[in-house]
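Asker: any chance you can model this:
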Amino acid sequence: MSNLTFTNERARALADFYSKRDLVAQRAATMDKLAITAGEAIIDIGSGPGFLSEDLAAATGPQGSVLGIDISEDLVAFSHTRATADWLGFQQADATALPVQADCFDVATCTQVLEYIPDALSVLTEIFRVLKPNGRAIIVATDWDTVAWHSEYPERMVQVMKAWEGHCAHPSLPRTLGPLLRTAGFQVTNVSMYPLVNDTYHSDRYSYGASKLIHDYVVNGGLVPKSTADAWLSELASLDAAGQYYFTSSRMFFSVRKPD
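Answerer: Numbers count the residues shown, from 1 in each chain. Next up, the predicted model:
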C-alpha cells in the first residue's frame, strides 16, 4: 500500500502519535462533520490504531455497528486490545477489496489513508460499492507540498521534505481528489480545510511527532544523510527554545454522498 510498514513496536508508536492533542482535535472535527446518529452502520477504512473507530462506536451506540479495516496485522491486533464495545470490530484487509457486501453501510470514513494507496480510484469505487444508496462518506487527505515549516536553512528543509514525500503514493492527492470522487460515482457535497498550527515544538503537538517519523523515514531509507537529518531535527528544538518555531499543515475534508 505504501512505503511505511508497521511492526508491533511501530504500531504502538503510531498510537502514541495519534494521541497528540492536535489529532484528538482533528478527530473531533471529523465527528462533527459526520453527525453520526444512533443505529448507523459505519466502516472506517484504514482504521490504524482504532481511535476514530472508537469515537464512531460511541456515537452510533449498541443499535449500530462499526467495522475498522486496516492492512496492518499489528495495527488491527492493537485495536482489538483497546476495543470495549461489542458493536465495534476490526479486520485486516486491503482497502481495494473490502471483504463486505454491497450497500450495507450508512457511513464510511477514510482518514489520511487514500494518499498511501497507488490505486486510489479502486478504493473510492469500493467505498461507493459498500455504502447504501444515499450513504455518506468523508475522505481526509494532506497536500504535503503546502506544509509551511520555518527553518533558517530552507534548502535543508526542502531536501528533507522532498525526501519525505516518497513515504506515500500521492503526496498532493487533494488537488485531484474531487475528480476521482466524481469518477467513482459520488456527489461531492462539501470541501473544507482543517488547519494544524503549531507555534511550539512540544511533545504533545502534531509537528513534534511528525518530525520523528520523518527523520526515521529519510534516514532509514538512505534518502538523506543521517548528519543532515540530525541537524534538521536539532534545529527544530533550537528554534523552539528561541521562540521562533512555526509549523502549519492543512488537512482537506471531502464530504461525499452516494446518490439514491
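Asker: can you tell me how far residue 111 sits from residue 22?
Answerer: 14 Å (C-beta to C-beta, to the nearest Å). Heads up, the C-betas are built off the backbone N, CA and C, glycines and all.
Asker: give me the more crowded residue out of those two.
Answerer: Here residue 111 and residue 22 are compared on neighbour count by other C-beta atoms under 10 Å; more neighbours surround residue 111, at 22 against 19.
Asker: which non-adjacent residue is nearest that one?
Answerer: Nearest residue to residue 111, sequence neighbours excluded (C-beta to C-beta, 6 or more residues apart in numbering): residue 140, at 4.3 Å.
Asker: which residues touch that neighbour?
Answerer: By C-beta atoms under 8 Å, 6 or more residues apart in numbering, the residues touching residue 140 are 26, 30, 110-112, 194, 251-254.
Asker: of these, which is the nearest to residue 53?
Answerer: When those are compared for distance to residue 53 (C-beta to C-beta), residue 111 wins out at 10.3 Å.
Asker: mind listing what that closest one touches?
Answerer: By C-beta under 8 Å, 6+ apart, the neighbours of residue 111 are 30, 44, 46, 52, 138-140.
Asker: could you redo the last one with a cut-off of 7 Å?
Answerer: 30, 46, 52, 140 (C-beta atoms under 7 Å, 6 or more residues apart in numbering).
Asker: for it, give me phi and psi.
Answerer: Backbone torsions of residue 111, given as degrees, to the nearest 10, read phi -110, psi 120.
Asker: distance of it from residue 253?
Answerer: For residue 111 relative to residue 253 (C-beta to C-beta), the value is 9 Å.
Asker: ok, the contacts of residue 111 vs residue 17, which is closest?
Answerer: residue 52 (13.7 Å).
Asker: what's the neighbour count on the closest one?
Answerer: 26.
Asker: about what we covered before: would you agree the residue nearest to residue 111 falls within a helix?
Answerer: No - using DSSP: H, G, I helix; E, B strand; the rest coil, the assignment for residue 140 is strand, not a helix.
Asker: okay, buried residues for stretch 127-136 please.
Answerer: Of all the residues in stretch 127-136, those buried under the rule 16 or more other C-beta atoms under 10 Å are 127-132, 135-136.
Asker: just flag the most distant two among the residues you listed.
Answerer: 129 and 136 (14.7 Å).
Asker: now residue 94: closest residue in space that isn't a chain neighbour?
Answerer: residue 71 (6.0 Å).
Asker: got a pLDDT number for the one you found?
Answerer: Residue 71 carries a pLDDT score of 93 in this model.
Asker: contacts only, for residue 192.
Answerer: residue 253.
Asker: in the sheet, who's paired with it?
Answerer: Listed by DSSP bridges, the beta-bridge partners for residue 192 are residue 253.
Asker: that older thread, okay, the contacts of residue 111 in JSON lines with distance to residue 217, secondary structure and pLDDT next?
Answerer: Formatted as JSON lines, the contacts of residue 111 follow (distance: C-beta to C-beta, whole Å; DSSP: H, G, I helix; E, B strand; the rest coil; pLDDT from 0 to 100):
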{"residue": "30", "distance to residue 217": "25", "secondary structure": "helix", "pLDDT": "96"}
{"residue": "46", "distance to residue 217": "18", "secondary structure": "coil", "pLDDT": "95"}
{"residue": "52", "distance to residue 217": "23", "secondary structure": "helix", "pLDDT": "96"}
{"residue": "140", "distance to residue 217": "21", "secondary structure": "strand", "pLDDT": "97"}
